[in-house]
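Undergrad: Got a predicted model here, sequence first, then my questions.
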Amino acid sequence: MFIVLKSVCSRAMASKTPVGFIGLGNMGNPMAKNLVKHGYPVIAYDVFPEACKEFQDLGAQVTDSPADVAERADRIITMLPSSPNAKEVYTGANGILKKVKKGSLLIDSSTIDPAVSKELAKAVEKMGAVFMDAPYFISFKK
């Protein structure tokens, strides 16, 4: 019985590790809010400070750059509006890859060119991290 309880506690603790979230716009905002609502410590960044203010008020840690998110979290979700934005967030001067930790899981839900996703995946893998392309699709039914 003790082993079972220990296993359950370990799973609960692991599931509440910090999650980095970059891109708090129309799509990322509700996704990140859902993480906060369910008790996940969120480490957030957005290029627009006003988007971050709301998350700071909700208890999320707000950082100054994508690199700072990567320094504080080894699970990061990106939700960005375009391929150039994604490239900048991952490979720019203050991008995720400047401080990413080996073994980190980087989940990109941006709506970007598949060739850019492949390019980013290669760059992430060179740093010893894992890149997952998980585009966010919206389905409209009549």
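TA: Yes, it's here.
Undergrad: just how off-centre is the helix or strand hosting Lys87 within its chain?
TA: Lys87 belongs to helix 83-91 when elements are defined using DSSP states H and E. Chain-centre distance of helix 83-91: 13 Å, with Cα atoms, centre = their mean, to the nearest Å.
Undergrad: Val124 contacts Leu106, correct?
TA: Yes. With contact defined as Cβ atoms under 8 Å, Val124 reaches Leu106; the gap is 5.6 Å. Where C-beta positions appear, they are placed from N, C-alpha and C, glycine not excepted.
Undergrad: can you list the weak-confidence ranges in this structure?
TA: Scanning the chain for pLDDT under 70 picks out the ranges 1-15, 136-142.
Undergrad: show me where it has strands.
TA: 19-22, 42-45, 61-62, 75-78, 105-108, 130-133 (DSSP state E).
Undergrad: quick revisit: please save the CA atoms from the helix holding Lys87 in PDB.
TA: Provided in PDB are the C-alpha atoms of helix 83-91 (Å, rounded to 0.1, in the frame of the first residue of the first chain):
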ATOM      1  CA  SER A  83       6.800  31.900 -38.700                       C
ATOM      2  CA  PRO A  84       9.100  34.900 -38.200                       C
ATOM      3  CA  ASN A  85       7.800  35.200 -34.700                       C
ATOM      4  CA  ALA A  86       8.500  31.600 -34.000                       C
ATOM      5  CA  LYS A  87      12.000  31.800 -35.400                       C
ATOM      6  CA  GLU A  88      12.700  34.900 -33.200                       C
ATOM      7  CA  VAL A  89      11.400  33.300 -30.000                       C
ATOM      8  CA  TYR A  90      13.400  30.100 -30.500                       C
ATOM      9  CA  THR A  91      16.600  31.300 -32.200                       C
END
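Undergrad: Cool, thanks, talk later.
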